[in-house]
Structures are given as structure tokens and as C-alpha cells.
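Asks: Quick one: sequence plus predicted model below, questions after.
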Amino acid sequence: MNPQALMDGLITGSMIGLGAIGVTLTYSILRFANFAHGEFIAWGAYIALAVSSALGYLSGGLLAPIGPFSFGWSLPIAAVVAVALTGGLALLVDALLFGRLRAQRSTVIIMVMASFGAALTLRSLLEFIFTSKPAYYTKALQIALPLGGGLRATPDQMLSLGVAAVLVVAVHLLLTRTAIGRSMRAVSENQQLSGVVGIDVRKVVRIVWLLGAGLACMAGIMAGLLVQIRPHMGLDLLLPLFAAAILGGIGSVPGAMLAGLIVGLAEAFAVQIVGAEWRAAIAFVILVLVLLVRPQGLFGRPE
Amino acid sequence: MSVELIGYGCFFLTMALTYAIMCLGLNVQWGQTGLFNVGIAGFVAIGAYVSALLTTPDTANRFGGFDMPILVGWLGGAVAAALIAFLIGALTIRLRADYLAIATFGVAVAVQLSALNLERITGGPFGIGFIPRPFGGYAGDPLLFSLFNLGVLIVVVVLLYLALERLVRSPWGRVLRAIREDETAALALGKSAVKFRLQAFAIGGGIMGLAGAVQAHFIGFIAPENYLPMLTFQVWAMLIVGGSGNNRGAILGAVLVWGLWAASASVIASLFPPGQQARAAALQIVMIGVGLCAILLLRPRGILGEEKVVSRHLGKLPRALRPGTKPETPKQ
């Protein structure tokens, strides 16, 4: 077995985990499976690409690589802008579609279907604007550094893992230690009751969208930096996202991250055995196994 | 000119009617029972591939090619899709409603992947060709051939429609709607919600498989890219536009949306230069996506809306006693 699979799995897994946190939060607080979540990943990656290229066009110095990394200051700046804009996109979709459906007291399944429609619209819009040709943040090549034990990783990969870890800890602290985190958990327990005790449910919903879309954007930028940017990147990640959210237990942020890593590692190791062309089926197998054995997930409560 | 026009009309209607079959299948799952299937393309593909394997002539480097009659292929495709639907349903119907949606999405991905990768069985990316077409002996006369094909499709759709209408008005159909409207009440009456949902899901999946099989034999060639998530989306748009819960709505929606689809495709294609056609296709999907969301927001009942039916025996009652004419329809 190639030990490099461990590194590949960790990297894919942390992207899946970041996306799955958003899925699990929308699921537990807005109470529907959001099929459009993958599109926030793709939109985040493309917004960062657009901003980063614009910055590079304005000032070539921003494109000069920082230290050992393959990208210049334009990408971190673009990442901040893209996180904000992707959050704005999520709020916009909520205002145009999901918020109105909630106001009409639509059933869960109508929301799921609307998210399905929104996903196709957003994805095809990307394809329309940027075409389906793959894009990259930088054309620079990186040498993978040996880490010992046969593992190698590029500086970009190490940085991405670090950023993902910091983000997960930050979200976990936000949910467990702050007032807004307590409100979010209260709304996920019982929306009516938390409204009665004076929690601003609409504010909580906004925070959920901002948080979920922001994390998805970061996952998209990581995927774009380490692999490539394509309009279908969100769709390809959607099944792993759902598998991770359900495996981790709906509503559990540490669960989603851990399950994301499990799905990523399982993909990386299984690919060594069954071949890369079956990668997309592995998340499905995990999903079926979870639903068979433990439908409430690792950290979830049975309903 | 008229021969080509009639030929095109036949082709258009035949395609639309294959979608109508998928729509009728989805109507059993969603319209009657409230089960959300995001993997329609997967079930359609299963039907198409199974039927193609059963009926194509033996091929040297590919498994299958059993050269069986077309009807056997259609039945086989429907049964295979129903079986997969049954298995997925058995796995998820007990759980939350959207777990079924996620699982069916997974089915579509897995089926697409298998079609691409199992080259010895499915022909991989090149697909399967030379699928026998009904009335293949008349292929020399395009007009007669397309008329015959349309005739076959009309017969299939009408038979299916009559069977489903009968089913909707049967005690079985009433239980389905009862479970959809108020599961607790149905449970209190001793109806097993899981069992009925599972049956409806399998029947709907089987009908989608049949649709895939029929379509495969009409086109004569199948490949994995025929069964992308786009197909699932189109069928949903058809049912929502026509009116879910209404079998006539399902057929109407299929013809209407397919018409809009074909018309918008030709308009957009003529507006964009040849190099930009991929973009144009993306824009078309954007439009349909926005349209579906708008209908969900503005007119969730669709054009015809759900037909309130209780029993086929009530149809014979005087008009004043029919459920549809009363201001308050009794919840079954």
C-alpha cells in the first residue's frame, strides 16, 4: 500500500469535512438537505479566481509567490473577498428562494427540490460564465517535500491542512462558547421554543448561511489550489459531503469534520485497490453502510 | 414538405411520450406518495441497459447480447429498475424523508459510474448500439416507420395511464394518499406506512425503468451521457409543471416541457455563434432551473393541479356527490 494515499486522503478529507460542516448546519437548523451546497464550493473557487486574477492584473507584484508557496498575496486577499461574496450569494439565494418557501410553510421536500433547482441554475451559470474548461490559480509547479515514513507533501498541501484544522477549531469554539453558537444550537433543538425565549431566529438563519457558505468557499479554494477549478467540482463533491454529514451525525460539527476525513481516507485507500475510476462510488458505499448500520451517524442521536 | 414535418412531429411526440412514462413513474412516487427521488436518471439508465443487454444480438467483446424479443427486454428493464428501487427504499424509507433523496442521488451517481466503467457489460463510454427497434422491418420507409413507433409509444402510455388511474382509485391508492396526508392517522387505521411506501417506490422505479427501455429501443443507441442529472431535473420540471398527483398532468407536462426545451434549444442555438454552443446549452439549463424554482414559489400545484379522487366507484355518482365538486374535500 502506497503511504502517499494517507496524505491524499487527509487533503481530500479536509475539503469534504469543511463542506460537510455547512451541510450538517443547514440540515440541523433549516431542516432540509441542501443539494445546492456543492455549488457554494464551486462559486467560492471561481469568485476567488476572478478576484485573484483582477488583483494580479492591477499589480503584478501580488502574483509573486510568497515564501515556499505557489501563489502570491493575491490569493489570500481574494480568499477573504470570496468568503464574503459566497456568504452574500447564500443570503441572496435564501432571500429569493428558501426564505420565501419557509414563509409559505413549504414542506421539507419542496425545499429539497428547490435546492436541487438552485444547484442546477448556479452550476450552469458558472459553466455559462467561465465555460467548462478547467482553470488554475497558478501555473507554478511545486516540489513535494519528504515528511518521513515515505510521505511527501507540497507546502500548499501542508498549508491547506493547517487552515482546515484552524477553521474547524474556530467553528467548534463558535458553536460551543459564544452566545450566537448557543442560539444556533437552541434553534436546531426547537425553533418555535427558541423564538419564544427571545432568540432572533432570522439572525441565526443568516449566520448559518454565512458560515456554511464561507466554509464551502474555503473548501473550494483549497480544491482549486491543489487540484483544479471546474464548474462541476461542487457536484462531484456533493455525494461525499452528504455521506460525511450523515456519517458524522446531523448537527455535529466535529462529527462532520471527522467523517469528512474518514470519507477522504476511505476514497484514497479504496482507489488503490479498485482503481481511480470508481472513486465517486466509494462515498455511495459509505452512505449505504451508514444507513444500514447506524443511520443516526457517529455523533448523532437516534430519532 | 409535409412528409418531413410529419416525420419531425412524430419524432418529437415519441420522445415526449418516453418522458411522459418517466413522469408517470415519478407521479406514483412523488405525486401519490410524497417520496422524493433525485436519481430518476439512474433508474431510467438501469431499464435502458438491462433491456439493451437482453435484446441486442450477441457481440464478441461484450457480455450479454441475448437476442431476446423486445417485449422481454422492456419487462426485464422494468423489473430490474423496480428491484433496485425496492432495495434502496428498504434501506431508507424508514428514515427521514430526505435520506431517501440523498440515497437516490447516490444511486444515480453509482449507475452512471458503472455504465462508464463496466466496459465488458455496458460498452463503457461508447455505449451500446444496434438496439433492435420495433417495426425495424419498415425502416426503409421513414414516415411509416416513425408513425408505427409513435403508435407503439401511444399504446404504452395509454395502457400505463389507464392502469395507474385504476390504481389511484383503488383502496391501495387511497392508502397511499392517506399516508402522505396524515401518517399517524393511517397508522392508527392499521396501514403499514413503510410497506405501502416501499411498494409505491418500487412500482414507480419500475415504470422509470420501462421508460428507459422504451426510449433505448426508440433511439437504438445508449451511452452513459444520456443519463446525467440533467435528465432527472427535466423529468421533475415536467411533473411540477403539469401538476403532481395528476396522471394527465404528468403527460401534459412532459409534452409541454419537452416542447419548450426543444424550442428554447433551437432559439439559443441560433443566437450564439457555433464556438459558443456549450455556453448556450448551459444558459438553457439556467433558464429551466429558474423556471422550476419560480413554479415552486408561485404555482406549486402545477397547471392541472392534483386531481382529488377517492374511488373509481364514486365516479358514477351524480355530479353533486362527487368529491371534486364539494367545497371541502374529505381527507381520506
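Replies: Received, thanks. Numbering: from 1, shown residues only, chains lettered A, B, ... in the order given.

Asks: next one: phi and psi at A:Gly275?
Replies: Main-chain torsions, A:Gly275, degrees, to the nearest 10: phi 100, psi 150.

Asks: so what's it scoring on pLDDT?
Replies: The model reports A:Gly275 with a pLDDT of 85.

Asks: how many neighbours does it have?
Replies: Neighbourhood size, A:Gly275 [other CB atoms under 10 Å in any protein chain shown]: 10. (Glycine included, C-beta is placed from N, CA and C.)

Asks: quick one, helices of the chain?
Replies: This is for chain A. A:4-29, A:37-58, A:74-93, A:99-103, A:108-130, A:155-177, A:179-189, A:191-196, A:201-226, A:233-248, A:253-274, A:279-293 (DSSP state H).

Asks: The chain in question should be chain B.
Replies: So, for chain B - with DSSP H - the helices run B:2-26, B:40-55, B:70-92, B:97-117, B:119-122, B:142-168, B:171-181, B:183-188, B:193-219, B:229-242, B:247-271, B:277-298.

Asks: any chance of the ones you listed in a markdown table, plus distance to chain A?
Replies: Conversion of the helices of chain B to a markdown table gives the following (distance: least, CB to the nearest CB, whole Å):
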| stretch | distance to chain A |
| --- | --- |
| helix B:2-26 | 11 |
| helix B:40-55 | 11 |
| helix B:70-92 | 5 |
| helix B:97-117 | 4 |
| helix B:119-122 | 10 |
| helix B:142-168 | 20 |
| helix B:171-181 | 10 |
| helix B:183-188 | 13 |
| helix B:193-219 | 13 |
| helix B:229-242 | 5 |
| helix B:247-271 | 11 |
| helix B:277-298 | 3 |
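
Asks: In CSV, list these along with mean neighbour count, mean pLDDT and distance to A:Leu175.
Replies: As requested, the helices of chain B are exported to CSV (neighbours: other CB atoms under 10 Å in any protein chain shown; pLDDT from 0 to 100; distance: least, CB to CB, whole Å):
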stretch, mean neighbour count, mean pLDDT, distance to A:Leu175
helix B:2-26, 20, 89, 38
helix B:40-55, 30, 94, 36
helix B:70-92, 22, 93, 28
helix B:97-117, 23, 89, 22
helix B:119-122, 16, 85, 46
helix B:142-168, 17, 90, 47
helix B:171-181, 19, 87, 36
helix B:183-188, 13, 86, 33
helix B:193-219, 25, 94, 35
helix B:229-242, 24, 86, 32
helix B:247-271, 18, 87, 43
helix B:277-298, 18, 83, 30
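
Asks: Can you say which of the ones you listed is nearest to A:Ala186?
Replies: helix B:97-117 (22.4 Å; CB to CB).

Asks: got the contact list for A:Ala36?
Replies: A:Ala36 sits next to A:93, A:115-116, A:118-119, A:122 when contact means CB atoms under 8 Å, 6 or more residues apart in numbering or on different chains.

Asks: Can you pull the poorly scored residue ranges out of chain A?
Replies: Applying pLDDT under 70 to chain A flags the ranges A:1, A:301-303.

Asks: Find the centremost residue of it, please.
Replies: Central residue of chain A (CA atoms, centre = their mean): A:Gly19, 1.9 Å from the mean position.

Asks: Contact residues of the stretch 51-200 of chain A facing chain B?
Replies: Within the stretch 51-200 of chain A, the positions adjacent to chain B are A:97, A:100-101, A:104, A:106, A:108-110, A:112-114, A:116-118, A:120-121, A:123-125, A:127-128, A:131-132 by CB under 8 Å from any CB of the partner chain.

Asks: mind running it again at 7 Å?
Replies: A:97, A:100-101, A:108-110, A:112-114, A:116-118, A:120-121, A:124-125, A:127-128, A:131-132 (CB under 7 Å from any CB of the partner chain).

Asks: State the number of residues packed around the closest residue to chain B within the stretch 151-300 of chain A.
Replies: Going by CB to the nearest CB, chain B is nearest to A:Phe284 of the stretch 151-300 of chain A, at 4.0 Å. Counted with other CB under 10 Å, the neighbours of A:Phe284 add up to 24.

Asks: who touches it in this structure?
Replies: Shown in contact with A:Phe284 (CB atoms under 7 Å, 6 or more residues apart in numbering or on different chains): A:239, B:106, B:109-110.

Asks: Format the residues you listed as CSV; extra columns: distance to A:Ser52.
Replies: Formatted as CSV, these follow (distance: CB to CB, whole Å):
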residue, distance to A:Ser52
A:Leu239, 29
B:Gly106, 34
B:Val109, 31
B:Ala110, 36
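
Asks: my guess is A:Ala259 meets A:Leu247, correct?
Replies: Yes. Using CB atoms under 7 Å, A:Ala259 makes contact with A:Leu247 at a distance of 3.8 Å.

Asks: which residues do those two both contact?
Replies: A:Leu298.

Asks: B:Leu304 and chain A, how far apart?
Replies: With distances taken as CB to the nearest CB, to the nearest Å, B:Leu304 is found 18 Å from chain A.

Asks: what about that residue, neighbour count?
Replies: 19.

Asks: next one: the one 5 residues further on
Replies: Close neighbours of B:Val309, defined as other CB under 10 Å, add up to 22.

Asks: go on, A:Val187?
Replies: For A:Val187, the neighbour count with other CB under 10 Å is 25.

Asks: so how far is A:Ala48 from it?
Replies: Distance from A:Val187 to A:Ala48, counting by CB to CB, to the nearest Å: 30 Å.

Asks: In contact with residue 24, which residues are there?
Replies: Assuming you mean chain A. A:Thr24 makes contact with A:245, A:248, A:250-253, A:256 under the criterion CB under 7 Å, 6+ apart.

Asks: nope, chain B
Replies: B:160-161, B:164, B:207, B:247, B:250.

Asks: So what's the residue count around B:Pro69?
Replies: Neighbours of B:Pro69 (other CB under 10 Å): 11.

Asks: can you tell me how far A:Ser14 sits from A:Ile66?
Replies: Taking CB to CB, one finds A:Ser14 at 21 Å from A:Ile66.

Asks: between those two, who's got more neighbours?
Replies: Neighbours per residue (other CB under 10 Å) separate A:Ser14 from A:Ile66, with A:Ser14 holding more: 26 against 15.

Asks: Quick check: closest non-adjacent residue to the more buried one.
Replies: In space, A:Ser14 comes closest to A:Ala164 once its chain neighbours are excluded; the distance is 3.7 Å by CB to CB, 6 or more residues apart in numbering or on different chains.

Asks: what sits against A:Ile221?
Replies: A:44-45, A:48, A:79, A:82.

Asks: Could you dump these into JSON lines with neighbour count and distance to B:Trp172 added?
Replies: Shown next, in JSON lines, are the contacts of A:Ile221 (neighbours: other CB atoms under 10 Å in any protein chain shown; distance: CB to CB, whole Å):
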{"residue": "A:Gly44", "neighbour count": "32", "distance to B:Trp172": "48"}
{"residue": "A:Ala45", "neighbour count": "32", "distance to B:Trp172": "49"}
{"residue": "A:Ala48", "neighbour count": "30", "distance to B:Trp172": "54"}
{"residue": "A:Ala79", "neighbour count": "24", "distance to B:Trp172": "56"}
{"residue": "A:Ala82", "neighbour count": "27", "distance to B:Trp172": "53"}
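
Asks: Of these, which is the nearest to chain B?
Replies: Of the contacts of A:Ile221, the one sitting nearest to chain B (CB to the nearest CB) turns out to be A:Ala45, at 17.0 Å.
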